[in-house]
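Novice: take a look and give me a structure for this.
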Amino acid sequence: MKNLFAIFFCVLQFHVLFAQDDLINALPAYFKMADAKAFTRNMGELVEINLNGVKGTYSKTQAEMILKDFFRRNLPNDYQLVHQGATREGLYYTIGKYMYMNGTYQVYIVMRQNRGTYVIDSIDFTKE
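Specialist: Numbering: from 1, shown residues only. Down below sits the predicted model:
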């Protein structure tokens, strides 16, 4: 019985790790396509968004509208993933550069586990 539990736990952990990797690997495409809807499909019920110092906690619907407006005003040229990592508390994060016609934003995204999958918990855009 202990072996069965250990196997189940390992399979569950691998599933969670692959889900987190899938989300991290998809982020560059979401940015390059300015796909606000794809972001919201991968968010928790509430998400914190910081747009160059203007911060708030929003529902998925509100977050989608905010991101659509951001992408409309800052059409993407490119997105580069600079770094990714994890905290001791089990949060995953990415740091990237969002390049648009008038400059660059540093983008910091935090993901947390929710019901066996990773979801976006916060997005922070800081103009460079």
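Novice: and residue 46, how many neighbours?
Specialist: For residue 46, the count of nearby residues is 13 (other CB atoms under 10 Å). In this view, the C-beta of every residue, glycine as well, is placed from N, C-alpha and C.
Novice: tell me the pLDDT at it?
Specialist: What the model reports as pLDDT for residue 46 is 96.
Novice: and it, how close does it get to residue 106?
Specialist: 23 Å (CB to CB, to the nearest Å).
Novice: mind checking the end-to-end distance for stretch 98-118?
Specialist: 22 Å (CA to CA, to the nearest Å).
Novice: go through it and flag the buried ones.
Specialist: 98-100, 105, 107-113, 118 (16 or more other CB atoms under 10 Å).
Novice: okay, those in TSV with distance to residue 36 and secondary structure next?
Specialist: As requested, the buried residues of stretch 98-118 are exported to TSV (distance: CB to CB, whole Å; DSSP: H, G, I helix; E, B strand; the rest coil):
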residue	distance to residue 36	secondary structure
98	13	strand
99	18	strand
100	15	strand
105	15	strand
107	14	strand
108	18	strand
109	14	strand
110	18	strand
111	17	strand
112	20	strand
113	23	strand
118	19	strand
